[in-house]
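Chemist: curious how this folds, go ahead:
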Amino acid sequence: MQDYVGIDMGTSSVKLLIMDSGGRILRQHEERYAVSCPQKGWREADPRLWFEKTMTGLRVLLKGTDKKSIRAIGITGQMHSTVFLDKDGKIIRPAILWNDTRTSKEVWMLKEKIAENRQIACISDIISTGSPAANLYWLRRHEAEQFQCMEHFLIGPDYLVFRLTGEYGTDYCEASTSSLFDLKQRIWSEDMRRILGLSPQIFPAIMGSACAAGNLIPEIAEETGLSSETLVVRGTGDNAAAAFAASPFWGGKPVISLGTSGVLILEQEEPDILRKGKNILFSEDGRRFKWLVQGAVQSSGSSVEWWEKKILDAKSVESPDRAKERMHENELLFYPHLNGEKTLYGDAALRGAFVGIGMDTTRADMSIAVLEGICFAFRELYEKMGGRRPEGLQIGVVGGGAKNTFWMQMMADVLHAAIVRLKGTTGAVYGAAMLAAKGAGDTGSFRKEQERKEKEREIFYPRPDKSRYYDEKYKKYLRAYQALSYINAGENGCRAV
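Modeler: As a prediction, the model looks like this:
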């Protein structure tokens, strides 16, 4: 029996687990860390802290285990976050994260430059704040000295792979969503490289997500007690990893990942540059490719965390379950885009709002409205991304938010779809461990574990009366963007509609 480690380097924590070749989770652990916000709209992190917390987590995870059984490690994590390195692989400044909005001006400048070149016009529709292309351009314009020192850049979890193996690289998922990639030729875009003023050597090599990045360097092997022959696979972005973990059950069905951000992933046969969302090229082996399209509700779990921790004392929040009988009487509306919107409007200046607060509004009403608002955002995302509604539509949900039973039923009612939650589903970190097994050539006995989970799945079916209620409320939600854009017209790029 061989075992595999999965590591998910998220925005606020790193999650780790050990999975055996039968797909069973043997151990899990989590280490938390903080995001730095030095200025308004800025979101940064020291990648060295990611590595330190990962190493701490590995030591805890492996304590008392048979370390010789660990055959491979798979890594996933936050997409887009950009790490800047010098010629020796040293950090030259904090990483700029996926949810950073400082680059709103740079995004519009790049859109204008891209518009002049028909060959890369499609990138204009997807480039957004927090993307590697925008982050690199911001560095060039505002921190010229650091830009000149930069010899490499990496995307999110690729930094952990580098620290564990000494190898620079990324996978097709991270590359294809960077706004630096030529989707047709499946290589880095030469046109974007010239626009950003980057040298060819600065770009990491691209490979399949289950391909071997390398073996553990001797110092890491000695520190962890693992063999220096332990394989580290290249890995992928967290959303693709979550979809990969769910793929045995869905076979092309939509998947929603409810984490700090919320992500909707749909499969498609070919890239569609006219479709809302980012086209994702995914490949396990670098030879066979699958196309996905991804859209985001940027403030998803983070909206819930903001409400419960920053606005309320989380310990005193009334459980939504205790107030659910008032749902039909609650006309309060919450617009959840607290940190801008990327997929549908490309509006980094957009902010959230409560609409309809009255003298009888309670904390429970507001807590319910927060969850409803995120559900409405996913419905709008699904509809405008061209999601189809066949009879008996099922949508899989993974991630931390999937644990909330009340929320899952609400999502079914709002989306008019059966929401399927598998017991034991651990999302991206489980997908990372599966990629490790694939990369080690272990087809394993996953089927039995998958069949067991299939039997334990929970399905939340839409209730007609609740769906009708939400249909009326959703109409109001769709008017919120126009109203907020009108109020904020001209501020920091916010557009009147």
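
Chemist: low-confidence stretches in the stretch 101-250 of the chain?
Modeler: Low-confidence segments of the stretch 101-250 of the chain, defined by pLDDT under 70, span residues 247-250.

Chemist: how does it look with 50?
Modeler: Confidence mapping of the stretch 101-250 of the chain against pLDDT under 50 gives zero matching residues.

Chemist: now the helices for it?
Modeler: In order along the chain, the stretch 101-250 of the chain carries the following helices (DSSP state H, counting those that start in this stretch): 104-115, 121-126, 132-142, 144-149, 158-165, 172-176, 190-196, 218-224, 238-250.

Chemist: okay, buried residues for the fourth one please.
Modeler: By neighbour count, and taking 16 or more other C-beta atoms under 10 Å as the criterion, the buried residues in helix 144-149 are F147. From N, CA and C alone the C-beta is placed, and that goes for glycine too.

Chemist: quick revisit: for the helices of the stretch 101-250 of the chain, give me JSON lines that also has distance to N339.
Modeler: JSON lines is the format used below for the helices of the stretch 101-250 of the chain (distance: least, C-beta to C-beta, whole Å):
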{"stretch": "helix 104-115", "distance to N339": "12"}
{"stretch": "helix 121-126", "distance to N339": "18"}
{"stretch": "helix 132-142", "distance to N339": "15"}
{"stretch": "helix 144-149", "distance to N339": "25"}
{"stretch": "helix 158-165", "distance to N339": "23"}
{"stretch": "helix 172-176", "distance to N339": "21"}
{"stretch": "helix 190-196", "distance to N339": "25"}
{"stretch": "helix 218-224", "distance to N339": "35"}
{"stretch": "helix 238-250", "distance to N339": "17"}
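
Chemist: most tightly packed of these?
Modeler: helix 172-176 (a mean of 29; mean count of other C-beta atoms under 10 Å).

Chemist: what about stretch 191-201, how long is it end to end?
Modeler: 15 Å (C-alpha to C-alpha, to the nearest Å).

Chemist: how far does it sit from its chain's centre?
Modeler: 26 Å (C-alpha atoms, centre = their mean, to the nearest Å).

Chemist: so that it lines up with my notes, have the first residue be 134 from now on.
Modeler: From this message on, residue numbering opens at 134, which makes the last subject stretch 324-334.

Chemist: torsion angles phi and psi at the residue nearest to A486 when sequence neighbours are not counted?
Modeler: Leaving out its chain neighbours, the residue that sits closest to A486 by C-beta to C-beta, 6 or more residues apart in numbering is Y468, at 4.6 Å. Main-chain torsions, Y468, degrees, to the nearest 10: phi -100, psi 120.

Chemist: next, count neighbours for Y468.
Modeler: 23 (other C-beta atoms under 10 Å).

Chemist: tell me the contacts of it?
Modeler: G485, A486, F487, V488, G506, Y610, A613, Y614, L617 (C-beta atoms under 8 Å, 6 or more residues apart in numbering).

Chemist: now, which of those sits nearest D221?
Modeler: Nearest to D221 among these: G485, at 42.6 Å, using C-beta to C-beta.

Chemist: pLDDT wise, what is that closest one at?
Modeler: Per-residue confidence (pLDDT) for G485: 94.

Chemist: which residues does it contact?
Modeler: Listed by C-beta under 8 Å, 6+ apart, the contact set of G485 reads S432, S436, F467, Y468, P469, H470, L471, G506.

Chemist: which non-adjacent residue is nearest it?
Modeler: Distance criterion C-beta to C-beta, 6+ apart; nearest residue to G485, sequence neighbours excluded, is L471 at 4.2 Å.

Chemist: of the contacts of G485, which is the most crowded?
Modeler: With neighbours defined as other C-beta under 10 Å, the most crowded of the contacts of G485 is P469; it has 30 neighbours.
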